[in-house]
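Engineer: Quick one: sequence and predicted model below, then my questions.
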Amino acid sequence: MAASGPDPVRERVLAALLALQRQSWEQGVLGHALLDLGRHDLAAVLAVDAVARQTPAGKLAEIEDVGIVNSAANTEVVARAAARGGDPALAAAVRRQLDWLRHGAPRAADGTLFHLEGGRQVWVDTVYMVLPPLVAAGELDAAAGQLAGHRRRLYDPGAGLWAHRWDEDRGARVRAAYWASGNGWVVAGIARSLRLLGAPATPPAARFAADCAGHARAVIDAVLAHRAPSGLLPDVLGDPASFEEVAAVGMVAYAVLSGVADGWLPASYAGVGRSLVGTARRHVGPDGLLRPACGAPRFDRPGTSAEAQAFFLLATAAGDRLAGPGHV
């Protein structure tokens with residue numbers, strides 16, 4: 001929290017997020033927000049429940065157990081709780097989740113992870129779910145392989161944007177739309193990974209960091225080119241009929257402000273990062289919910305979402321880091 005005192009808007013957003021029903025990846029982004037806000041008390045509770053809901057295969061925080069990778073978004077909060085409290089049960093749960101990613105999870109012949117059980121599709125969302133925990137575990141080769149495999153299938157270098165879904169059996173994109181939140185997952189996942197990596201200690205780590213940073217900057221620039229006069233982003237970038245929404249605004253704001261704070265984006269990006277946060281802040285209602293977001297549970301119409309809430313919190317925390325001492 002800022003040294004100048006609590007931010008009442010941020011407090012409303014967090015309270016509303018805690019009241020929302022959440023799936024495993026939504027628990028994960030809540031956990032990231034709690035960590036970045038310094039709310040280790042609540043993060044520890046989330047970690048305990050994520051382990052209570054861990055499947056025999058190793059997937060954390062699962063409810064329906066239909067996702068392959070979404071559970072991995074909870075790895076960081078459980079690992080941090082294990083380190084802070086010295087709890088061997090939490091540490092063992094982290095190892096089981098990582099073993100699932102490394103060995104148990106269904107994947108393509110080149111190792112690229114599929115997104116949902118019962119199918120062989122590669123989704124853009126997966127980048128956020130798996131890149132940070134692999135980097136945090138020191139598995140840079142695995143992280144680089146996942147980013148490369150997803151990029152080969154989903155990234156359009158001509159547009160500078162990522163498509164949403166690829167079907168491995170068809171060998172084609174089955175949702176080629178440039179989903180704003182999907183591109184947000186990519187840049188936010190890279191931003192979190194680079195923060196977890198810190199200063200690269202080896203030449204391979206330096207190459208990985210440079211590739212990630214350069215790619216994230218290119219995607220950020222491509223996304224921002226579609227920003228509407230309202231400050232919001234269209235749900236599908238480049239589609240004039242698409243509704244405008246705020247979740248991707250928070251995702252990109254988090255990536256931009258993290259990039260400047262962590263030194264992989266030029267300081268000149270700080271202004272647009274703060275502008276994005278300002279846009280999101282204007283869309284916080286009296287109940288603490290951000291609207292209009294790409295809405296849960298189907299994410300195909302305006303509504304509300306845990307992601308919109310969490311990334312507002314993450315973006316404001318990144319802004320605090322950028323502002324310097326006296327901020328969490």
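Structural biologist: Sure thing, it's come through. Numbering: from 1, shown residues only.
Engineer: got any ranges where the stretch 201-328 of the chain has weak pLDDT?
Structural biologist: Along the stretch 201-328 of the chain, segments meeting pLDDT under 70 span 326-328.
Engineer: Next, please give the residue ranges for the helices of it.
Structural biologist: Along the stretch 201-328 of the chain, counting by DSSP state H, counting those that start in this stretch, helices occupy 203-224, 247-262, 270-282, 306-323.
Engineer: in the first one, what counts as buried?
Structural biologist: For helix 203-224, burial by neighbour count (16 or more other Cβ atoms under 10 Å) applies to 205, 208-209, 212-213, 215-217, 219-220, 222-223. Every residue, glycine included, has its C-beta placed from N, CA and C.
Engineer: Tell me the one among the residues you listed nearest to residue 12.
Structural biologist: residue 223 (26.8 Å; Cβ to Cβ).
Engineer: wait, isn't the closest one in contact with residue 233?
Structural biologist: Yes: with contacts counted by Cβ atoms under 8 Å, residue 223 reaches residue 233, the gap being 6.9 Å.
Engineer: what residues are shared contacts of those two?
Structural biologist: Common contact partners of residue 223 and residue 233 (Cβ atoms under 8 Å, 6 or more residues apart in numbering): 180, 248, 252.
Engineer: Next up, the contacts around the last one.
Structural biologist: Meaning residue 252. 183-184, 187-188, 220, 223-224, 233, 276.
Engineer: quick one: it and residue 266, what's the gap?
Structural biologist: Residue 252 is 16 Å from residue 266, where distance means Cβ to Cβ, to the nearest Å.
Engineer: again with the second one
Structural biologist: With the distance defined as Cβ to Cβ, residue 248 ends up 22 Å from residue 266.
Engineer: ok, the two, which is more surrounded?
Structural biologist: residue 248 (32 against 10; other Cβ atoms under 10 Å).
Engineer: which one is the more buried one nearest to, not counting chain neighbours?
Structural biologist: Distances taken as Cβ to Cβ, 6 or more residues apart in numbering place residue 180 nearest to residue 248, at 3.7 Å, with adjacent residues excluded.
Engineer: what's the neighbour count on the one you found?
Structural biologist: Counted by other Cβ under 10 Å, the residues lying close to residue 180 total 29.
Engineer: For it, give me its contacts.
Structural biologist: 223, 226, 233-237, 245, 247-248, 294.
Engineer: Columns distance to residue 33 on top of these, output as a markdown table?
Structural biologist: Shown next, in a markdown table, are these (distance: Cβ to Cβ, whole Å):
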| residue | distance to residue 33 |
| --- | --- |
| 223 | 21 |
| 226 | 25 |
| 233 | 20 |
| 234 | 25 |
| 235 | 22 |
| 236 | 26 |
| 237 | 25 |
| 245 | 19 |
| 247 | 13 |
| 248 | 16 |
| 294 | 18 |
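Engineer: What about those, which are in strands?
Structural biologist: Secondary structure from DSSP state E places 233-234, 245, 294 of these in strands.
Engineer: the strands in the stretch 1-150 of the chain, which residues?
Structural biologist: 121-123 (DSSP state E, counting those that start in this stretch).
Engineer: For it, give me the ranges with low pLDDT.
Structural biologist: Applying pLDDT under 70 to the stretch 1-150 of the chain picks out residues 1-5.
Engineer: ok, back up a step: columns distance to residue 8 on top of the shared contacts of residue 223 and residue 233, output as TSV?
Structural biologist: Output for the shared contacts of residue 223 and residue 233, formatted as TSV (distance: Cβ to Cβ, whole Å):
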residue	distance to residue 8
180	28
248	25
252	24
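Engineer: could the helices of the stretch 201-328 of the chain go into TSV alongside distance to residue 160?
Structural biologist: Formatted as TSV, the helices of the stretch 201-328 of the chain follow (distance: least, Cβ to Cβ, whole Å):
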stretch	distance to residue 160
helix 203-224	3
helix 247-262	13
helix 270-282	16
helix 306-323	21
